[in-house]
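J.: starting from these lines, generate the structure:
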Amino acid sequence: MDIWSTLSDTFLDWESMKAVLPEMLKVGLVNTLILAAASVVLGTLLGMIVAVLALSSKRWLRWPAKIYTDIFRGLPAILTILLIGQGLSPITRHWWGPNPYPLGVLALSLIAAAYIGEIFRSGIQSVEKGQLEAARALGFSYTSGMRLVVIPQGVRRVLPALVNQFIALVKESSLVYFLGLLASQRELFRIGQDAAATNGNLSPLLLAGIFYLVITVPLTHLVNHFDKRLREGRPVESEDIELKELAHANR
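T.: Model (predicted):
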């Protein structure tokens, strides 16, 4: 048997791909997107809290945020998922039974929050200090100035990095299969792996890889587009006009 035949039998078994395609579309793709979307939403909310604490002038607020970020950025994602998914299972069993899906979302969210918190922190710190000073001069309190002026500008500047984080979560969602998902909860990787083990070839896994590429490659180009637009710069005058409009609305 020549090399091409071997590779074809291993990766290009069209019948195996055709057989698993409906399940990947109806179950795997949906669960992958749910895991990634739920994790990025919860991770964004928690990440904003982490960023605000990390920027606090009070040490007792800064240090917990720093420790949290160091831990969840330093641990391998699979270790975090296993520790949370298996370690908290006896506690959460009373709420939603032996269902590992919510704990998988929680683990991914905690991981994402550590990275998103740093993204937000860098974005907020990139806003010129004069923006907050101008907001205070126009009658904003410190809290209102941060909430209405500084934070929105910081978030706008890190949108490409946030999309990159979503791409990472799409790929990391494949690690949740270690928790032993139910048949209806399997994501793309688990469905491809199960089908590959049943059929004795890797064609279903290749199909799963194609699905991941269909999701991540367009998002990657979208990130590049956002990044190019942001690198072109936003006129300072537009930020000043926006600040004055906020000040007028705040009166």
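J.: residue 64 and residue 54, how far apart?
T.: 9 Å (CB to CB, to the nearest Å). Backbone N, C-alpha and C define where each C-beta goes, glycine included.
J.: neighbour count for these two, which is higher?
T.: residue 54 (21 against 13; other CB atoms under 10 Å).
J.: my guess is the more buried one contacts residue 124. True?
T.: No: look at residue 54 against residue 124 with CB atoms under 8 Å: they stay out of range, at 9.4 Å.
J.: wait, what's in contact with residue 201?
T.: 9-11, 13, 16 (CB atoms under 8 Å, 6 or more residues apart in numbering).
J.: ok, residue 190 next?
T.: So residue 190 contacts 28, 174, 177, 181 (CB under 8 Å, 6+ apart).
J.: from residue 20, how far off is it?
T.: Counting by CB to CB, the gap from residue 190 to residue 20 is 11 Å.
J.: which helix or which strand is home to residue 167?
T.: In the assignment (DSSP states H and E), residue 167 maps to helix 159-172.
J.: to the chain's geometric centre, what's the distance from that helix?
T.: 5 Å (CA atoms, centre = their mean, to the nearest Å).
J.: which residue ranges of the stretch 1-150 of the chain form helices?
T.: Ranges of helices within the stretch 1-150 of the chain are 3-11, 14-23, 29-54, 59-74, 77-87, 89-96, 101-126, 129-137, 142-145, based on DSSP state H, counting those that start in this stretch.
J.: let me have those in a markdown table, extended by mean pLDDT and distance to residue 223.
T.: A markdown table is the format used below for these (pLDDT from 0 to 100; distance: least, CB to CB, whole Å):
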| stretch | mean pLDDT | distance to residue 223 |
| --- | --- | --- |
| helix 3-11 | 77 | 29 |
| helix 14-23 | 90 | 28 |
| helix 29-54 | 93 | 14 |
| helix 59-74 | 93 | 20 |
| helix 77-87 | 92 | 20 |
| helix 89-96 | 80 | 35 |
| helix 101-126 | 91 | 13 |
| helix 129-137 | 73 | 25 |
| helix 142-145 | 74 | 29 |
